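# the amino acid sequence is not available; the structure is as follows:
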């Protein structure tokens, strides 16, 4: 029932926002704008729990594995799937947008202030940054990847301790994770109000005009995501995971609805864990490790969106993309897609280095950010489906089937 309530909050928020934009009614405008603090509070509460929840669950699952060889096999297979699927995702996003550009009309770009471009790290710098000099500083800055490395190393070391010491630490982390999951459920009970507060103000400000002018971009992202699901995720789930499309989509409906409504797969971790083990037969040990890990690292939908957005913005600003430049854009998008945080619209903000690398003005980020709510919902759903698919396939590869 919770996902239905969240969907109702989303529909109501869109209705109030569009009604306010279309009619200019003072009461509707006040209601839409006045609901914004509820959305801010809801997302702040989700962000508050993302880092401690991911660290606690990953620590518990890795420490319980005990056998470092099995941990290495599970982690290696998962990371291989995470990174390899980014390649077709970006390629599909770029190709779909390139084909769709013939239907895109002229769009007047908004004037924006200058945006500071974060320096895009090289591969060596990226690898070095994975080992945090100060884990507490990494936590305060929201750097997820270094924290995962730190947590995994501590958990692996814990798995080698004598039984009494190991169990004491695991039980503590397990209790902490259970308390945090309970808190997430409490927050999710407020999701209908929070989602209303997220959608109504944005839709009231956006209106139909900008949505219509950028309908080609939104439609292209949707088509690209559907193509990715049809040619990558669903076939692998069927032929490798042994799960048909209907069972797969039906078995993950609750997690997908929460991820899409909140535009955060991290917010859906508790529901996804339950559905992955109960509906899809994944072992608890694999699910407890790969679901939170996937929420932090695996976002193929975001990579596809970024590839499409780079081509779209290059078209709007008349920046040519010959084959060599397209290759540079592909590589830049691949690198920045690894740094996307599991929070709303972070996929837009992290595009700045990729745009700067190919000479696209950064003012276009404001345009994409303005209509990002709809694509963010779509790619969040695909991100979660990809994370679940990874858990299913790694479970099939590393152990007996648990149906």
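Looks like it arrived, so ask away. Here the structure is a predicted model, which is why all the values come from computation and not from measurement.

# what distance do you get for residue 152 to residue 393?
Distance of residue 152 to residue 393, computed by C-beta to C-beta, to the nearest Å: 20 Å. C-beta coordinates here come from the backbone N, C-alpha and C atoms, glycine included.

# cool, residue 21 as well?
For residue 21 relative to residue 393 (C-beta to C-beta), the value is 44 Å.

# and for residue 330?
25 Å.

# so those two - more neighbours on which side?
residue 393 (23 against 18; other C-beta atoms under 10 Å).

# so who does that one touch?
77, 81, 236, 237, 240, 241 (C-beta atoms under 8 Å, 6 or more residues apart in numbering).

# farthest pair in those residues?
77 and 237 (15.1 Å; C-beta to C-beta).

# give me the number of residues near residue 235?
With other C-beta under 10 Å as criterion, residue 235 counts 12.

# helix, strand or coil for it?
Under the three-state scheme (DSSP: H, G, I helix; E, B strand; the rest coil), residue 235 adopts helix.

# can you show me the helices along the stretch 51-200 of the chain?
68-84, 86-100, 123-129, 135-140, 144-158, 163-189, 191-213 (DSSP state H, counting those that start in this stretch).

# dump these into JSON lines; add mean pLDDT as well.
JSON lines is the format used below for the helices of the stretch 51-200 of the chain (pLDDT from 0 to 100):
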{"stretch": "helix 68-84", "mean pLDDT": "77"}
{"stretch": "helix 86-100", "mean pLDDT": "89"}
{"stretch": "helix 123-129", "mean pLDDT": "70"}
{"stretch": "helix 135-140", "mean pLDDT": "80"}
{"stretch": "helix 144-158", "mean pLDDT": "80"}
{"stretch": "helix 163-189", "mean pLDDT": "83"}
{"stretch": "helix 191-213", "mean pLDDT": "70"}
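
# out of these, flag the one nearest residue 41.
For those, the distance to residue 41 is smallest for helix 191-213, at 7.1 Å, taking C-beta to C-beta.

# ok, back up a step: would you turn the helices of the stretch 51-200 of the chain into TSV with distance to residue 310?
Conversion of the helices of the stretch 51-200 of the chain to TSV gives the following (distance: least, C-beta to C-beta, whole Å):
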stretch	distance to residue 310
helix 68-84	19
helix 86-100	7
helix 123-129	19
helix 135-140	28
helix 144-158	22
helix 163-189	34
helix 191-213	19
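
# measure stretch 225-232 end to end?
10 Å (C-alpha to C-alpha, to the nearest Å).

# so how far is that stretch from its chain's centroid?
16 Å (C-alpha atoms, centre = their mean, to the nearest Å).

# name the residues that touch it?
So stretch 225-232 is in contact with 85, 88, 89, 92, 96, 300, 301, 304, 378, 379, 382, 385, going by C-beta under 8 Å, 6+ apart.

# make a markdown table out of these and add distance to residue 17.
Formatted as a markdown table, the contacts of stretch 225-232 follow (distance: C-beta to C-beta, whole Å):
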| residue | distance to residue 17 |
| --- | --- |
| 85 | 34 |
| 88 | 35 |
| 89 | 30 |
| 92 | 31 |
| 96 | 28 |
| 300 | 29 |
| 301 | 24 |
| 304 | 26 |
| 378 | 18 |
| 379 | 21 |
| 382 | 24 |
| 385 | 27 |
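
# appreciated, that's everything.
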